[in-house]
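J.: Build me a model from this:
(one chain, ligands or ions: 1)
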Amino acid sequence: MNLNKMPTLRIGALEAEIPIVQGGMGVGISLSGLTSAVANAGGIGVIATAGIGQFEPDWDINSKEADKRALQKEIRKAKAETSGIIGVNVMVALSDFDDLVQCSVDEGANMLFLGAGLPLGLPKTLPLDRLGELATKFVPIVSSARAAKLVFRAWQKRYNHVPDAVVVDGPLAGGHLGFKKEQIDDPDYALEKILPGVIAVVKPYEEQFNRSIPVIAAGGIFTGADIHKFVQLGAQGVQMGTRFVATYECDASMEFKEAYLNCKKEDIIIIDSPVGLPGRAIRDKFLERISSGVKEIFKCPWKCLKSCDFKNVPYCIGLALTNAKKGDLENGFAFAGANAYRVDKIVSVKELIETLVGEYMAVVMQRTLEARVAAQNA
Ligand SMILES: Cc1cc2nc3c(=O)[nH]c(=O)nc-3n(C[C@H](O)[C@H](O)[C@H](O)COP(=O)(O)O)c2cc1C
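T.: Prediction:
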């Protein structure tokens, strides 16, 4: 055990000094500002693509192009700000999944995090017989050993290649959840329970492909002690979203961050998202209006989510999340992890990472002392 350092996180040839991935947070919450700050602090910063084009002037008439252009700009901006590791998060549920994956590879993103649906297939425009030769590493996000098995099996069969790492997003995460509503509070589906199953699925592929495939734990990880706990359980890194919202560098408005500072435990609720998955969010007037049966009037310029039944859903989730990101919480709402109520101040990314490292090292020291005392008493 190294008493001076957290373990590094190695994915392919890339090595993050701090084993922390900043979770991609869509509709403009994690853009180049947050991403480059995390990468500069030694972690892996992730630009989220969901709704990224909504901030382009031609979004209403040219949405797909707006998405691609905005992603291109954000990757370039992030790369200009850091020489650290930059990832891109693409939701499988997005209608332009293929275009955004291809654009990330073309722009030289270091990693692709593929979640909100099972990434069983990749765009046909990629060199699918030579995936391992691409500089971009592929990291699916799953919520069960079964999902991991399906993805690994499909990739092996189709591409003779398996993912470079995998994120296990547990039921305490913010945003969309890969669980049925009744599983969310069931202790059998806790991150501590599902993580070992995913590690067991990945292990034979590590042997077969003769490379390490790190498993990264996510959902409700709040302190350095939490990171230590999941590393002890076999994770090689963690992905954190909620903590990074409450940073100066997070690309959301101050009002969005204040929703985190002001919320109480009971304000954090599970909603039905038009994506077709449950989601975790902070209760506000908008969500109360929707749950009382009000149907918002909106125009759908294009069906951004494959599964959205836009003529029948009560509101446009892309618009509601964008409004919140910009600070209009009367007409939108904030996604948040189960621990968002514990956020009590906004700090810099550097300060946050230093705090997490300090807390992690305090546990390492404590455990080392305990082991020494036990050895002396033996
Ligand atoms: C505001 C917000 C937006 C999110 N958006 C996305 C997204 O676009 N794509 C995705 O795969 N995960 C998304 N997530 C999940 C995070 O990437 C991360 O896995 C999760 O928040 C981890 O749990 P934590 O918030 O408890 O740390 C979002 C989470 C939050 C809080």
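J.: Which elements pack onto the strand or helix carrying residue 355?
T.: For residue 355, the host element (DSSP states H and E) is helix 349-377. With contacts taken as 3 or more C-beta pairs under 8 Å, 6 or more residues apart in numbering; DSSP states H and E, helix 349-377 sits against helix 32-40, helix 224-232, helix 242-245. (Glycine included, C-beta is placed from N, CA and C.)
J.: Can you lay out those as JSON lines showing mean neighbour count?
T.: Compiled in JSON lines, these are given as follows (neighbours: other C-beta atoms under 10 Å):
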{"stretch": "helix 32-40", "mean neighbour count": "26"}
{"stretch": "helix 224-232", "mean neighbour count": "19"}
{"stretch": "helix 242-245", "mean neighbour count": "27"}
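J.: Now those helices in JSON lines, please, with extra columns for mean pLDDT.
T.: Formatted as JSON lines, the helices and strands packed on helix 349-377 follow (pLDDT from 0 to 100):
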{"stretch": "helix 32-40", "mean pLDDT": "98"}
{"stretch": "helix 224-232", "mean pLDDT": "98"}
{"stretch": "helix 242-245", "mean pLDDT": "98"}
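J.: Tell me which of those sits nearest to residue 211.
T.: Nearest to residue 211 among these is helix 224-232 (20.0 Å), distances taken as C-beta to C-beta.
J.: what about the closest one and the ligand, any contact?
T.: No - judged by C-beta under 6 Å from any ligand atom, helix 224-232 and the ligand are separated, with a smallest distance of 9.4 Å.
J.: Could you tell me which residues within the helix holding residue 355 count as buried?
T.: Going by neighbour count (16 or more other C-beta atoms under 10 Å), the buried part of helix 349-377 is 349, 350, 352, 353, 356, 357, 359, 360, 361, 363, 364.
J.: which one among the residues you listed gets closest to residue 182?
T.: residue 356 (32.4 Å).
J.: show me what contacts that closest one?
T.: Applying C-beta atoms under 8 Å, 6 or more residues apart in numbering, we find residue 356 in contact with 20, 223, 224, 227, 243.
J.: what's the answer for residue 37, then?
T.: Neighbour list for residue 37: 45, 247, 249, 348, 349, 350 [criterion: C-beta under 8 Å, 6+ apart].
J.: Also within reach of the ligand: list those from those residues.
T.: By C-beta under 6 Å from any ligand atom, no member of these lies near the ligand.
J.: now the residues you listed as JSON lines including pLDDT?
T.: What follows is these, written out as JSON lines (pLDDT from 0 to 100):
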{"residue": "45", "pLDDT": "98"}
{"residue": "247", "pLDDT": "98"}
{"residue": "249", "pLDDT": "98"}
{"residue": "348", "pLDDT": "98"}
{"residue": "349", "pLDDT": "98"}
{"residue": "350", "pLDDT": "98"}
